[in-house]
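Participant: Sharing a sequence plus its predicted fold:
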Amino acid sequence: MTELSWASWGGIWAVFLILIDIATVARAVTREHRSAASRLAWVVVILSLPLVGVIAYFFLGDTSADRRSDRKLKDLRRELPKRPTGTWSRPELPLLYRQAFARAASVNGFQPVSGNRAEVTIDSNESMDWLVEDIDAAKEHVHLLFYIWLTDGNGTRVAEALMRAAQRGVTCRVIVDGLGSRKLLASPLWKQMKEAGVETVTAFAFRFAPLAAFFRRLDIRNHRKIIVIDHDTTYVGSQNCADAAFIIKKKFAPWVDMMMRITGPVAWQSQRLFVSDWMVNGGNDISDILRREAPVAVEGFPAVVAGTGPNIDVQGVPDMAQMLLASAQHDVVITTPYYVPSEALQQQICATAVRGVRVRLNVPANNDSHIVGFASRSFYRALLKAGVEIHEFQPGLLHAKLMTVDGQAAMLGSANLDRRSFDLNYENSMMLVDRATVGELVAKQEVFLNASLSVDREKVESWSVTRRVLINSVGMMAPLL
């Protein structure tokens, strides 16, 4: 009788686990914002790892932060204006790039705007020098959003500039990510900033991770880098608020970034992203700051901002990249620290090289994420076969995120060419067309390439069987990364 009872309970548990697996598979298959490859990969994980696969899916497979913030963001996207009031003229874009710009504009409902000017910083320290100068000169407000803000030299300098500005009456608002900037949040510097009058918000904050994980996915992060000062000055690029030495991962240092300072009407679009992030993460209603007259357009290049996220056009970044690649006639340079593309983007890059365009891909030789490093190399063979030139940056971690096309068009910002940036992170990118400005960006890319070693096809072909198995096995996990 006892044996029968135990057998009965075992059967009940087996049926229960099978039903849970089936229900989870159904959720994975019907979940929105997922590629077919990602859905298939999760089905395999769920069915091959009973219960463990189910737990893994609910902790890592659901691309939603939490229902309340998702709903609030949806409301804000509908309610906040998508352009300033007043006269708004569309620029005449070169025919080759009109569709790429249209795709970028569709992400947030913005429109390309002309009359922008830009300067490219030399290095990380100059970026922070310029930022501190702009904060010290600010008259009305300073808005900063960083994924990582450290209490090192540059992080402290920027914080001190904010405190000085707040004390002289400038409204200073700061957003940091709860995970990326956790050391700052636990430091005396954060408390000092608030005491000095700097208004602060933490994106995706959590106090007790094991408990919070049951209610929302913890690795959905705000990875954006947004700076807006007095309405018309903004920055775009890859740099966090930190030294190049990057003390939390110093063995990969220096971290080599690229930032661009822009003045002009496109700054309003960065402002719109900041206001949305501020309010959705618990900040007060500051939407009135968006209700100002559009400035009179002056001479300058056209640009458009795109702010993507797990519930904001997950195909935005790869689509923009693919459409720029499709427009290329002569030369493409791609700079990214993390290369784990979608299948469509990988194919577009290969197709661009096959049709005779020179395509150069620059990635770090030593990646701070070993898994991503292995996954990136799983794509090398196909890229090299198509004629793509691959270069691995040697002196530190190349962290710039930038694509230039024919020395005329560019896309840059916080987004990597990897699944995390496409599916999970909140990112901000800018697309622009201007031969002079893009020429400066290409010059920076050439400096990076000159500090890199090329990867030849023979070397990849000579990888040992063990290494190829490891690299390709990790590469098969790309849809889950």
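Facilitator: Ah, there it is.

Participant: Name the nearest residue to Asp134, sequence neighbours excluded.
Facilitator: Ile229 (4.9 Å; Cβ to Cβ, 6 or more residues apart in numbering). All C-beta atoms are positioned from the backbone trio N, CA, C, and that covers glycine.

Participant: Ok, Pro112 next?
Facilitator: Per Cβ to Cβ, 6+ apart, closest to Pro112 is Val304, 4.3 Å.

Participant: Where does the one you found fall, secondary structure wise?
Facilitator: In this assignment (DSSP states H and E), Val304 forms part of strand 301-308.

Participant: And for Thr156, the neighbour number?
Facilitator: 17 (other Cβ atoms under 10 Å).

Participant: tell me what the strand holding Val304 is packed against?
Facilitator: helix 98-108, strand 113-120, helix 267-280, helix 316-327, strand 427-433 (3 or more Cβ pairs under 8 Å, 6 or more residues apart in numbering; DSSP states H and E).

Participant: Throw these into CSV and include mean pLDDT and distance to Met163, thanks.
Facilitator: Shown next, in CSV, are the helices and strands packed on strand 301-308 (pLDDT from 0 to 100; distance: least, Cβ to Cβ, whole Å):
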stretch, mean pLDDT, distance to Met163
helix 98-108, 96, 32
strand 113-120, 95, 26
helix 267-280, 96, 19
helix 316-327, 97, 35
strand 427-433, 98, 25
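
Participant: so which of those gets nearest Glu160?
Facilitator: helix 267-280 (21.4 Å; Cβ to Cβ).

Participant: Please compute how far the closest one lies from its chain's middle.
Facilitator: 16 Å (Cα atoms, centre = their mean, to the nearest Å).

Participant: just stretch 18-27 next, same as before
Facilitator: The answer for stretch 18-27 is 32 Å, by Cα atoms, centre = their mean.

Participant: Break this protein into its domains for me.
Facilitator: 2-60, 67-92+115-300, 316-480 (automatic domain parsing).

Participant: Touching the helix or strand hosting Arg261 from outside, list them.
Facilitator: Using DSSP H and E, Arg261 maps to strand 259-263. The contact list for strand 259-263 (Cβ atoms under 8 Å, 6 or more residues apart in numbering) reads 116-121, 124, 127, 130, 134, 232-239, 303, 412, 430, 437, 441.

Participant: What strands flank the strand holding Val304, and is each parallel or antiparallel?
Facilitator: strand 113-120 (antiparallel), strand 427-433 (antiparallel) (DSSP bridges).

Participant: Most tightly packed of the ones you listed?
Facilitator: The highest average neighbour count among the strands paired with strand 301-308, using mean count of other Cβ atoms under 10 Å, belongs to strand 427-433 at a mean of 26.

Participant: Direction included, what does the strand holding Arg261 pair up with?
Facilitator: strand 113-120 (antiparallel), strand 233-237 (antiparallel).

Participant: Count the residues that sit near Gly475.
Facilitator: 17.

Participant: Now do the closest residue in space to Leu179 that isn't next to it in sequence: how many residues are near it, please.
Facilitator: Using Cβ to Cβ, 6+ apart and skipping residues adjacent in sequence, the residue nearest Leu179 is Arg221, 5.8 Å away. Counted with other Cβ under 10 Å, residues neighbouring Arg221 total 22.

Participant: For Arg221, give me phi and psi.
Facilitator: Phi and psi for Arg221, reported as degrees, to the nearest 10, are phi -130, psi 160.

Participant: At the geometric centre of this protein, which residue do we find?
Facilitator: Most central in the chain under Cα atoms, centre = their mean is Ala415, positioned 2.8 Å from the mean C-alpha point.

Participant: what kind of secondary structure is that residue in?
Facilitator: With DSSP: H, G, I helix; E, B strand; the rest coil as the basis, Ala415 sits in coil.

Participant: Contacts for the host helix or strand of Val158, please.
Facilitator: Val158 belongs to helix 153-167 when assigned by DSSP H and E. Helix 153-167 is touched from outside by 124-125, 128, 131-132, 135-136, 138, 142, 144, 149, 151, 172, 174, 184, 189, 192-193, 196-198, 241-243, with contacts defined as Cβ under 8 Å, 6+ apart.

Participant: Other residues contacting the host helix or strand of Asn362?
Facilitator: Assigning secondary structure by DSSP H and E places Asn362 in strand 358-364. The contact list for strand 358-364 (Cβ under 8 Å, 6+ apart) reads 252, 328, 330-337, 339, 349, 352-353, 373, 376, 383, 387-393, 396-399, 445, 448-449, 452.
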